[in-house]
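K.L.:
Sharing a model that was predicted from the sequence below.
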Amino acid sequence: MTGRLILTATAMREAEQAAIHSGTSVEQLMEQAGRALAEAAYRFAGPLPALVLCGPGNNGGDGYVAARFLAERGVQVRVASLVEPKTDATRQARKAWAGSLEPLTMNTPPSPLVIDCLFGTGMKRGLEASVLQAFRRLCDEASVRVACDIPSGIESDTGAELSEVPAFDMTVAFGALKPAHRLFPAMLKCGRVVLADIGIAPSATWHELDAPALPPLDPGGHKYSRGMVHALAGQMPGAIALSATAAARSGAGYVRVSTSRPIESLPKAIVQMDSAPVNDERIGCLLVGPGLGDIPQVLTLAMTSRAPKVIDADGITHLGEPERLKGQDAIITPHEGEFRTLFGEIIGSKPERALGAAKLSGAVVVYKGPDTLVAAPDGRLGFAPPAPAWLASAGTGDVLAGMIAAMRARGMPAFEAATAGVWLHGRAAEIAGPAMIADDLVAAIPKALAALA
């Protein structure tokens, strides 16, 4: 299932303009945003004395409105403004604020709750040194930090830190999430991201991944109808063993491995074969790459198969050029180094690079990292929710490849199979805990699946 929508700064402005053309004023949008910010901050922090930092644009206007609503709830509120408002709506919001107003300087007294409304999604350069120093000090001395739409100092579309950004406890996004909420390194500074409805109706092909809707099991089905995964072993059998076991644990009805030598670590339920036809019509998904090593002919064999396929690790390296994927029903799962090896230096943000790679290759691209993205050639883009840092360990990518292969073999379309695998991978890691190794991740898959029932 698709989750919360994600909009670039340009797309968000277009959605706001569409709402304005439909009869909603800028002032009404600001009132909705400020009210939502105040409500979220109050629910999160309680009646802590608050300091709202207001900038010159509409983010500052949201802050003045939020201050007013917090004061109405009995919260002790101070507002510190950076400069005079530069928009009519912000000037009106400031005029409606009847409480204290002070300049934002190095001498501004701290407060237990800081609400950052300095700059929003249009930011293209870092904060000035004096402003940054005051901003960081107030955030450092606060007990709770809340950001309005996006923390000041972050570029909305790329997730880059334009200047040093304090870590916030919560960010209240308006109308839709922004790419930076789910891109590294900005995602680490946003804290909990909540989404507030401000009365716009955006549409987008970018979204945050949510719990997937898996195909129901057919009571009259059999192992082949549930989906067969055929994996091709290489020089390092342990990797393909992880992948194949993950595929079996993820609901594939039948998993078999082509291997020239027995793999002792494979469960007995997984069939090992010295050779098997890669064009067996019963294959739901072919898996190649984990542990492949320097045997490019195995990939060449896989590419002759008409079956849907997942290509990972060394399989990606041996592709040589992305055009080789044209006409293949393929999902590829590169990390940063493998991505650059196959696609070179695609210019743009990580979302733009992922989509460019998918269009160039015709494959669904799972662009792995702390901010994993799933891109489809038709322009759809899924952003993984933050996953545990302990996923960065040996073998976890092999597990992911097997999980995606199982979803594809079960009949899910390529993009949906990839997004389901990525979401479940993160959930299984949460269940496995910080001391996990890849084997523990595989063992946690059934619990992650059970949570979807």
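P.N.:
Sure, I can see it.
K.L.:
For residue 334, give me the backbone phi and psi.
P.N.:
Residue 334 has phi and psi values of phi -80, psi 140 when expressed as degrees, to the nearest 10.
K.L.:
So what's the residue count around it?
P.N.:
25 (other Cβ atoms under 10 Å). From N, CA and C alone the C-beta is placed, and that goes for glycine too.
K.L.:
Can you tell me the closest non-neighbouring residue to it?
P.N.:
residue 316 (5.1 Å; Cβ to Cβ, 6 or more residues apart in numbering).
K.L.:
got a list of what the one you found touches?
P.N.:
Shown in contact with residue 316 (Cβ atoms under 8 Å, 6 or more residues apart in numbering): 289, 332-334, 338, 341-342.
K.L.:
Show me those that map onto helices.
P.N.:
Mapping those onto helices (DSSP state H) picks out 338, 341-342.
K.L.:
Out of the residues you listed, which is nearest to residue 399?
P.N.:
residue 338 (16.5 Å; Cβ to Cβ).
K.L.:
Quick one: classify the closest residue to the closest one other than its chain neighbours as helix, strand or coil.
P.N.:
Using Cβ to Cβ, 6+ apart and skipping residues adjacent in sequence, the residue nearest residue 338 is residue 316, 4.6 Å away. At residue 316 the chain is in helix, as set by DSSP: H, G, I helix; E, B strand; the rest coil.
K.L.:
pLDDT score assigned to the residue nearest to residue 334?
P.N.:
pLDDT recorded at residue 316 is 98.
K.L.:
Can you tell me the closest non-neighbouring residue to residue 167?
P.N.:
Nearest residue to residue 167 in three dimensions, chain neighbours excluded: residue 189, at 5.2 Å (Cβ to Cβ, 6+ apart).
K.L.:
Can you get me a residue count around that neighbour?
P.N.:
If you count neighbours by other Cβ under 10 Å, residue 189 ends up with 22.
K.L.:
Find me the pLDDT at it, would you?
P.N.:
Among the per-residue scores, residue 189 holds a pLDDT of 98.
K.L.:
Would you mind confirming that it makes contact with residue 154?
P.N.:
Yes: in this structure, residue 189 is within contact of residue 154 by Cβ atoms under 8 Å, at 6.8 Å.
K.L.:
so where does the most far-flung residue of the chain relative to its centre fall, helix or strand?
P.N.:
Ranked by distance from the centre of the chain (Cα atoms, centre = their mean), the top residue is residue 98, with 40.3 Å. Assigned by DSSP states H and E, residue 98 falls within no helix or strand.
K.L.:
looking at this, residue 431 is in a strand?
P.N.:
No: applying three-state DSSP, one finds residue 431 to be helix, outside a strand.
K.L.:
contacting residues for it?
P.N.:
Contacts for residue 431 (Cβ under 8 Å, 6+ apart) come out as 444, 447-448.
K.L.:
Going through these, which ones are buried?
P.N.:
Burial by neighbour count, judged by 16 or more other Cβ atoms under 10 Å, picks out 444, 448 from these.
K.L.:
List the contacts of residue 69.
P.N.:
Residue 69 sits next to 34-35, 38-39 when contact means Cβ under 8 Å, 6+ apart.
K.L.:
Repeat the analysis, applying 6 Å as the threshold.
P.N.:
Residues near residue 69 by Cβ atoms under 6 Å, 6 or more residues apart in numbering: 35, 38.
K.L.:
roughly how far apart are it and residue 192?
P.N.:
Using Cβ to Cβ, to the nearest Å, residue 69 is found at 20 Å from residue 192.
K.L.:
Ok, residue 254 next?
P.N.:
42 Å.
K.L.:
Residue 285 too?
P.N.:
From residue 285 across to residue 192, the span is 36 Å (Cβ to Cβ).
K.L.:
How about residue 437?
P.N.:
Distance of residue 437 to residue 192, given as Cβ to Cβ: 29 Å.
K.L.:
And for residue 35?
P.N.:
Computed as Cβ to Cβ, the residue 35 to residue 192 distance reads 19 Å.
K.L.:
where does the stretch 1-150 of the chain have low pLDDT?
P.N.:
Within the stretch 1-150 of the chain, the segments meeting pLDDT under 70 span 1.
K.L.:
returning to that earlier point: was I right about the residue nearest to residue 167 contacting residue 150?
P.N.:
No: if you go by Cβ atoms under 6 Å, residue 189 and residue 150 don't touch, sitting 9.4 Å apart.
K.L.:
what's near enough to touch the residue nearest to residue 167?
P.N.:
Neighbour list for residue 189: 151, 165, 167 [criterion: Cβ under 6 Å, 6+ apart].
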